[in-house]
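Asker: need coordinates for the following:
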Amino acid sequence: MRLDLPSLNTEHPQNSAILDFLRAQGSPPSGPNDYALGEWQLHTHPDLQDRMTELAPRAALHAAYGVPVLAYEGIAAAVALGMSTLLLRLPAAPPKLKADPPVPALAEHGWQGVDAWQSELPSAEGDRRLSGALRGALANVRDLIS
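Answerer: Below you'll find the model as predicted:
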């Protein structure tokens, strides 16, 4: 199964750290039955991709090296990794959300990891907090490039 999405702006310096990180993990599909995102093997569980788009339904979904990315004007704001991690471009970890361990190569560039499911919270509350964090990441990117 292959899904094609627009790519991130590869020329913008605000994308360089995340693109370097994702490029190092990217690989082409190994067979015709592999899940693919564009020309790359999907490196995110499809449920996590759905989760991210449900939490930010009006955000533009892009792709980078087999990873779904929410972006503002082609600049990455949130990335879905593996089975449960959302990386958010924020100046600090979002309050009242279970954090994932930082990714050293990205933490110094303002990327914060959170658990996409927040299973310790009631479902509606976790969704509300995560949606707010995603909106905050998109607003942060808007402010960075304006």
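
Asker: these two touch, right, Lys98 and Ala116?
Answerer: No: the pair Lys98 / Ala116 is not scored as a contact, 9.8 Å apart, by Cβ atoms under 8 Å. (C-beta placed from N, C-alpha, C; glycine too.)

Asker: who has more neighbours, those two?
Answerer: Neighbour totals were compared for Lys98 and Ala116, and Ala116 leads with 23 against 17 (other Cβ atoms under 10 Å).

Asker: and for the residue lying closest to Ser131 once chain neighbours are set aside, the neighbour number?
Answerer: Nearest residue to Ser131, sequence neighbours excluded (Cβ to Cβ, 6 or more residues apart in numbering): Leu55, at 4.8 Å. For Leu55, the neighbour count with other Cβ under 10 Å is 22.

Asker: I'd say Leu55 and Leu130 touch.
Answerer: Yes: the criterion here is Cβ under 8 Å, and Leu55 meets it with Leu130 at 5.1 Å.

Asker: who does the helix or strand encompassing Arg128 touch, helix- and strand-wise?
Answerer: Using DSSP states H and E, Arg128 falls within helix 123-145. Where contact means 3 or more Cβ pairs under 8 Å, 6 or more residues apart in numbering; DSSP states H and E, helix 123-145 is packed against helix 46-55, strand 67-72, strand 75-81, strand 85-89.

Asker: where in the chain is pLDDT low?
Answerer: 1-3 (pLDDT under 70).

Asker: thanks a lot, see you next time.
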